[in-house]
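A.B. asks: Next comes the sequence, and after it the predicted model I'd like to discuss.
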Amino acid sequence: MKNTIWLASIAATALALGGCERVEDGEAAPATENTADQTLTASISQADGLSTVAGVITEANLASVFDGSSAYTVLAPTDDAFAELGDAAEQLTPDGDNAPMIALLRNHIVTGHLRPDDLRTALADDEDGEVEMASVGSDPVTFMMDGDAIVARGPDGAQVRLLVDRAVEANNGVLIPVDGILRRLPTATTASR
């Protein structure tokens, strides 16, 4: 049975409230970089390979959303992911209009402070190994494991791999770069993920 958003949020919040994790001898430290002194906006703008997402946030005056007190987890497509779209990427910013790109990015954002370790724990605890969460857009996001990797799937089957080694924990959320976008574009020239 799939966990509902409230189960995943409760588990993630409980884990996040644990504050500092104790690392036992021989255990690996959490992979998420902690930049608790900065907001998601700063984390996104300083991250390598996320200039497309950072540019949209700046151009669309969305910085105040990611500078606020609400917690979000942003699954940010890398610049390479947008480049792989080829000509199909043009439909995301027709005539310089960022509205389609903003709509797309809303489906890459879930509410709450979800570190990759929180997702792994929630997935391990679910009998089906899947956790579905609502995005701030119109589409749900389903998380699952693919070997050791965490992947996310959109409702049309588009799937991305979370680049957890590049995850950043800010004071109001978590930035997790992903290697694709969670929606198949009608004229996409790349192979589906």
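C.D. replies: All right, it came through fine.

A.B. asks: Tell me where the protein has strands.
C.D. replies: Counting by DSSP state E, the segments of the chain that form strands are 33-35, 72-77, 109-111, 130-134, 140-146, 149-153, 159-161, 168-170, 173-178.

A.B. asks: quick one: the helices in this structure?
C.D. replies: For the chain, helices defined by DSSP state H occupy the ranges 5-16, 40-46, 51-59, 63-67, 79-84, 99-106, 116-125.

A.B. asks: just so I know, which of those lies nearest Gly154?
C.D. replies: Minimum separation from Gly154 across the helices of the chain (C-beta to C-beta) falls at helix 99-106, 10.2 Å. All C-beta atoms are positioned from the backbone trio N, CA, C, and that covers glycine.

A.B. asks: Once you drop chain neighbours, what's closest to Gly68?
C.D. replies: The shortest distance from Gly68 to any non-neighbouring residue, by C-beta to C-beta, 6 or more residues apart in numbering, is to Asn172 (6.8 Å).

A.B. asks: quick one on the thing from earlier: closest to Ile102 out of the strands of the chain?
C.D. replies: Between the strands of the chain, strand 109-111 lies closest to Ile102; by C-beta to C-beta that is 10.5 Å.

A.B. asks: elements contacting that closest one?
C.D. replies: Where contact means 3 or more C-beta pairs under 8 Å, 6 or more residues apart in numbering; DSSP states H and E, strand 109-111 is packed against strand 72-77, strand 130-134.

A.B. asks: switch the cut-off to 10 Å
C.D. replies: helix 5-16, strand 72-77, strand 130-134, strand 140-146, strand 173-178 (3 or more C-beta pairs under 10 Å, 6 or more residues apart in numbering; DSSP states H and E).

A.B. asks: quick one: it to chain centroid distance?
C.D. replies: 8 Å (C-alpha atoms, centre = their mean, to the nearest Å).

A.B. asks: again with stretch 144-155
C.D. replies: Worked out by C-alpha atoms, centre = their mean, stretch 144-155 lies 12 Å from the chain centre.

A.B. asks: Could you tell me the end-to-end distance of it?
C.D. replies: For stretch 144-155, the first-to-last residue distance is 14 Å (C-alpha to C-alpha, to the nearest Å).

A.B. asks: in it, what's buried?
C.D. replies: Met144, Ile150, Val151, Ala152, Arg153, Gly154 (16 or more other C-beta atoms under 10 Å).

A.B. asks: Equivalent analysis for stretch 83-93, please.
C.D. replies: Glu84, Leu85, Ala88, Ala89, Leu92, Thr93.

A.B. asks: Kind regards, and thank you for your time.
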